[in-house]
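*Asks:* What follows is a predicted structure for the sequence shown.
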Amino acid sequence: MKISMNEATALNCQAMSIEQDILLAEKYGYDMIEPRTMDRMRDYLAAHSIEELAELFKAHNIAPLAFNTLCFFNNRSPEGWQGIKDELKQMCEWGQKIGCKTVITVPTVDLKKVTRSEIHKSAVACLKEMGKIAADYGMRVSVEFIGHPAASINTFGEAYEIIQAVNLDNVGITLDCFHFHGMDSKIEDLAKADGKKIFIVHLNDTEDFPIGSLLDEDRLWPGTGCINLDEIFQTLKKIGWAQDVVSVELFRPEYYRMNPNDVYRLGKEHAEAVIKKNFA
Ligand code: ZN
């Protein structure tokens, strides 16, 4: 099992950048990082080329796992939807250059008076088109449902129904353990799914606040909170998940006050403990 670090985990630690993330990932024995397109990559590319980024990854033997994040893809205005497609193409072009195969996309939040069937219909139509665009570049689109009431797709079951209806090999799901717990996604729904459709796993844990009230800042090191991670991973094993990589993704202000070296060290230690417990 490979271990990846999502750049969000040390996002607001002092003096961080994509260069620093790659260096720390190498130093602490990670295999991959997840580049953030909205800030880390944007900042880097303001002064460098995408080819230089490809060289940087190669020089430190770190691979890019998935782009984070193509935000708010469904139920958009015509202009908003055009923006999504443009952004997707941009990420696909970058992906080809740096060897990143997956774009993570998240559902629109704070939709007002839009029914669940309208959400399902729009999400399926958008993802069919996005899947076709990505396929031209040999890329995958991975839908990350958000475990919060304001998100238009907020449980595993809803997200899985959507990608089943899309029915494209290169469109699947990002299972973020925090989001799985956040709106009480059902383990039975995961048990019925095809593990091959789980493209990315975000590993984390959370404080035990009530369902529907959890925020990203409540995330904890994997294995130190209330999520039944063992149940999730044992189920993933049973449904044929590739067991290829987990990515540590937290947004905890307390960890942002730490030295980023410690964030990388502790992230790896906690991820390894969960992996060791669940995978031979
Ligand atoms: Zn995530």
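*Replies:* Here it is on my side, so go on. Numbers count the residues shown, from 1 in each chain.

*Asks:* Skipping adjacent residues, who's closest to the residue in the stretch 1-150 of the chain positioned nearest to the ion in space?
*Replies:* Nearest to the ion in the stretch 1-150 of the chain, going by Cβ to the ion, is Glu144, at a distance of 5.4 Å. Bear in mind the C-beta positions are built from the backbone N, C-alpha and C, glycine included. Nearest residue to Glu144 in three dimensions, chain neighbours excluded: Thr174, at 3.7 Å (Cβ to Cβ, 6 or more residues apart in numbering).

*Asks:* Give the other helices and strands that the helix or strand harbouring the one you found contacts.
*Replies:* Following DSSP states H and E, one finds Thr174 within strand 171-176. Judged by 3 or more Cβ pairs under 8 Å, 6 or more residues apart in numbering; DSSP states H and E, the packing partners of strand 171-176 are helix 116-135, strand 140-144, helix 156-166, strand 198-203.

*Asks:* Swap in 10 Å and give it another go.
*Replies:* When contacts are defined as 3 or more Cβ pairs under 10 Å, 6 or more residues apart in numbering; DSSP states H and E, strand 171-176 packs onto strand 102-106, helix 116-135, strand 140-144, helix 156-166, strand 198-203, strand 245-248.

*Asks:* Just give the strands next to the shortest one in its sheet, each with its orientation.
*Replies:* So the one you mean is strand 245-248. Here strand 245-248 has these sheet partners by DSSP bridges: strand 2-6 (parallel), strand 198-203 (parallel).

*Asks:* circling back to that earlier point, could I have the strand holding Thr174 exported to CSV, CA atoms only?
*Replies:* Taking Å, rounded to 0.1, in the frame of the first residue of the first chain, the C-alpha atoms of strand 171-176 are listed here in CSV:
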residue,chain,number,x,y,z
VAL,A,171,-15.6,8.0,-13.7
GLY,A,172,-15.6,6.8,-10.1
ILE,A,173,-15.6,7.9,-6.5
THR,A,174,-13.3,9.4,-3.9
LEU,A,175,-14.1,7.9,-0.6
ASP,A,176,-13.0,10.4,2.1
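
*Asks:* who does it pair up with?
*Replies:* Sheet pairing of strand 171-176 (DSSP bridges) gives strand 140-144 (parallel), strand 198-203 (parallel).

*Asks:* now that strand, how far from the chain's geometric center?
*Replies:* Computed by Cα atoms, centre = their mean, to the nearest Å, the chain-centroid distance of strand 171-176 equals 8 Å.

*Asks:* do stretch 20-40 as well
*Replies:* 14 Å.

*Asks:* Buried residues, that stretch. List them.
*Replies:* Buried residues in stretch 20-40, defined by neighbour count with 16 or more other Cβ atoms under 10 Å: 20-26, 28, 30-37, 40.

*Asks:* Is any residue of that stretch near the ion?
*Replies:* No. Using Cβ under 5 Å from the ion, stretch 20-40 never reaches the ion; the gap is at least 8.7 Å.

*Asks:* what packs against the helix or strand following the strand holding Thr174?
*Replies:* Note on strand 171-176: by DSSP H and E, the next helix or strand toward the C-terminus is helix 177-182. Where contact means 3+ Cβ pairs under 10 Å, 6+ apart, helix 177-182 is packed against helix 156-166, helix 187-192, strand 198-203, strand 205-206, strand 219-220, helix 229-238.

*Asks:* what's the average pLDDT for helix 177-182?
*Replies:* Mean per-residue pLDDT for helix 177-182: 98.

*Asks:* so does it get close to the ion?
*Replies:* No. On the criterion Cβ under 5 Å from the ion, helix 177-182 is out of touch with the ion, staying 6.3 Å away.

*Asks:* what about that helix, distance to the chain center?
*Replies:* The answer for helix 177-182 is 12 Å, by Cα atoms, centre = their mean.

*Asks:* then that helix to CSV, C-alphas only?
*Replies:* Output of helix 177-182 as CSV, limited to C-alpha atoms (Å, rounded to 0.1, in the frame of the first residue of the first chain):
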residue,chain,number,x,y,z
CYS,A,177,-13.5,8.6,5.5
PHE,A,178,-14.4,11.9,7.2
HIS,A,179,-17.1,12.6,4.5
PHE,A,180,-18.3,9.0,4.7
HIS,A,181,-18.9,9.5,8.5
GLY,A,182,-20.1,13.1,8.2
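
*Asks:* Check which residues of that helix are buried.
*Replies:* By 16+ other Cβ under 10 Å, the buried positions in helix 177-182 come out as 177-182.
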